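*Asks:* sharing a model prediction with you, sequence too.
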Amino acid sequence: MSKFRPPRKSLRTLLMMWMIAFSLVPLAFVTGYSLVKYEQAINQELVQRLLGNRREIEVILQEFKNEMTEKTRRHSVDNALIVYLTSRNSNQVRERAIQLMRGHFSSQMQVFDRDGLAVVSIYRTSDGGIERRQADELKVQLTEPFLKKLEGRDSLLTVDIVSEKKIDLISFSKIRASNGSLVGYIEDFVTLDQSFLSGLKKRLNIEVLLFADTADPLKRRAMATHPDLRDLEVKQSFFSRQLKESGEELFELTIQNVPYGFFIQPIEWGDAQIFIAIGASKQAVKEVLRNVNYAFFTVVGAVAFLLVVLSLVMSRILLRPVNDLLQAIEKVDSDGSIPEVPSTSNNVCLSIVLTRCRKK
């Protein structure tokens, strides 16, 4: 009679595979889904933080704007300044301009006559004093395209990114006499320099880049808290391209092996527009996410190990009656007599079946 071997390995393997599959696949899905959602939540929290920082910077610039607009308006209707400009008394114009600037936080002031020629140019020094520019520096003439922007209006706000270390926020206004005739122009400046950006970085713990979106590489300038950010924009136009490709969405940028999350948004200054890129380090967040991933995968590994052990134990318990049945079939005598099978808790049903077969 042919011998049959009990399919222990194949049945055990199938049983273990199904048990592990039905246990680990849902766990792996929940783990992966949780990690993705956790990372999205961290990115969203970073975006909210950067948006709050942007609003704070906007509030600062809005205060500059409101204060400068009001001060320039008052300067443009100052009676003494109007009289001195009308009489073309440049010395008196300069003295009056210095007096007006002492009561204001502006960093520079220029006064022009009705023809657009600079009469006075004064600036605030680092120690708070006020100095005037020399005569050879006063050869400044308002251009025709600029004057055309003033047609039909008396004031104008604009921005000039002078260099990588200075951005001028400008408030410009016409000076009119009481009868409405034009007697000159006045221009107030607030300069944002590296100390301004360094203060923002220290207080908000962020990296900041201010730039103008221009296609002309010769006019491409930017001011930043980190030199690598400035070089990326000035030399490679990185942020301008990122603005066109990603818009105002969060994107990642690595600076000196430190990962940052950045987003870019415009800031309006009257008719002018500059762009601000604000970024925060994600190094601490990456560490937390790495620890969370480690904890998740440790739990999954531990569960998988326990499942393998339990599968081995359970497969032995469940397959023992089947193995006993196959062994009993192998031991059937040539005359057809069925051997005795010991009755245990695992094969009690098998023992009953074989006993009935012998009776028949």
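*Replies:* Happy to help now that I have it. Numbering: from 1, shown residues only.

*Asks:* enumerate every residue touching Arg49.
*Replies:* Counting by Cβ atoms under 8 Å, 6 or more residues apart in numbering, Arg49 touches Ala280. Where you see a C-beta, it was placed from the backbone N, CA and C, and this is true even at glycine.

*Asks:* how close does it sit to Phe262?
*Replies:* 12 Å (Cβ to Cβ, to the nearest Å).

*Asks:* can you check Val111 too?
*Replies:* 41 Å.

*Asks:* now do stretch 239-250, average pLDDT.
*Replies:* Stretch 239-250 comes out with an average pLDDT of 79.

*Asks:* buried residues, that stretch. List them.
*Replies:* Phe239, Ser240, Gln242, Leu243 (16 or more other Cβ atoms under 10 Å).

*Asks:* how about stretch 172-183?
*Replies:* For stretch 172-183, the neighbour count (16+ other Cβ under 10 Å) marks Phe172, Ser173, Lys174, Ile175, Val183 as buried.

*Asks:* which phi and psi does the closest residue to the first one other than its chain neighbours have?
*Replies:* I take that to be Phe172. Distance criterion Cβ to Cβ, 6 or more residues apart in numbering; nearest residue to Phe172, sequence neighbours excluded, is Leu156 at 4.5 Å. With angles defined as degrees, to the nearest 10, Leu156 sits at phi -160, psi 140.

*Asks:* just the pLDDT at Leu156, thanks.
*Replies:* 89.

*Asks:* where exactly do the helices run in the protein?
*Replies:* 8-76, 79-86, 90-102, 144-149, 194-204, 227-236, 238-246, 283-330, 348-359 (DSSP state H).

*Asks:* with distance to Ile276 added, can I get the ones you listed in TSV?
*Replies:* Formatted as TSV, the helices of the chain follow (distance: least, Cβ to Cβ, whole Å):
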stretch	distance to Ile276
helix 8-76	7
helix 79-86	35
helix 90-102	28
helix 144-149	24
helix 194-204	10
helix 227-236	12
helix 238-246	10
helix 283-330	22
helix 348-359	78
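
*Asks:* can you tell which of the ones you listed is closest to Tyr123?
*Replies:* Tyr123 sits nearest to helix 90-102 of all the helices of the chain, at 8.8 Å, using Cβ to Cβ.

*Asks:* what's the angle between that closest one and helix 8-76?
*Replies:* Helix 90-102 runs at 140 degrees relative to helix 8-76, counting by axes from the mean of the first three to the mean of the last three Cα atoms, to 10 degrees.

*Asks:* quick one: helix 90-102 to helix 79-86, angle?
*Replies:* 150 degrees.

*Asks:* so what does helix 90-102 touch, helix or strand wise?
*Replies:* helix 79-86, strand 108-113, strand 118-124, strand 130-132 (3 or more Cβ pairs under 8 Å, 6 or more residues apart in numbering; DSSP states H and E).

*Asks:* list the contacts of stretch 79-91.
*Replies:* Here stretch 79-91 has contacts from 75, 92-93, 96-97, 100, 111, 113-114, 119-120, 175-178, 183-184, 186, using Cβ under 8 Å, 6+ apart.

*Asks:* of these, grab the buried ones for ChimeraX.
*Replies:* In ChimeraX, a selection of the buried entries from the contacts of stretch 79-91 looks like this (16+ other Cβ under 10 Å):
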select :75,92,93,96,97,100,111,113,119,120,175,183,184,186
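
*Asks:* quick revisit: can you put the buried residues of stretch 239-250 in TSV and add distance to Ala41?
*Replies:* Shown next, in TSV, are the buried residues of stretch 239-250 (distance: Cβ to Cβ, whole Å):
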residue	distance to Ala41
Phe239	26
Ser240	30
Gln242	24
Leu243	26
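
*Asks:* which members of those residues are the farthest-apart pair?
*Replies:* Ser240 and Gln242 (7.3 Å).

*Asks:* pLDDT weak spots in the stretch 151-300 of the chain?
*Replies:* 213-219 (pLDDT under 70).

*Asks:* that older thread, narrow the buried residues of stretch 172-183 to those in strands?
*Replies:* Counting by DSSP state E, the part of the buried residues of stretch 172-183 found in strands is Phe172, Ser173, Lys174, Ile175, Val183.

*Asks:* how about the fourth one, what does it touch?
*Replies:* Contacts for Ile175 were tallied using Cβ under 8 Å, 6+ apart; they are Ser76, Val77, Leu81, Ile82, Leu85, Val111, Leu182, Val183, Gly184, Tyr185, Ile186.
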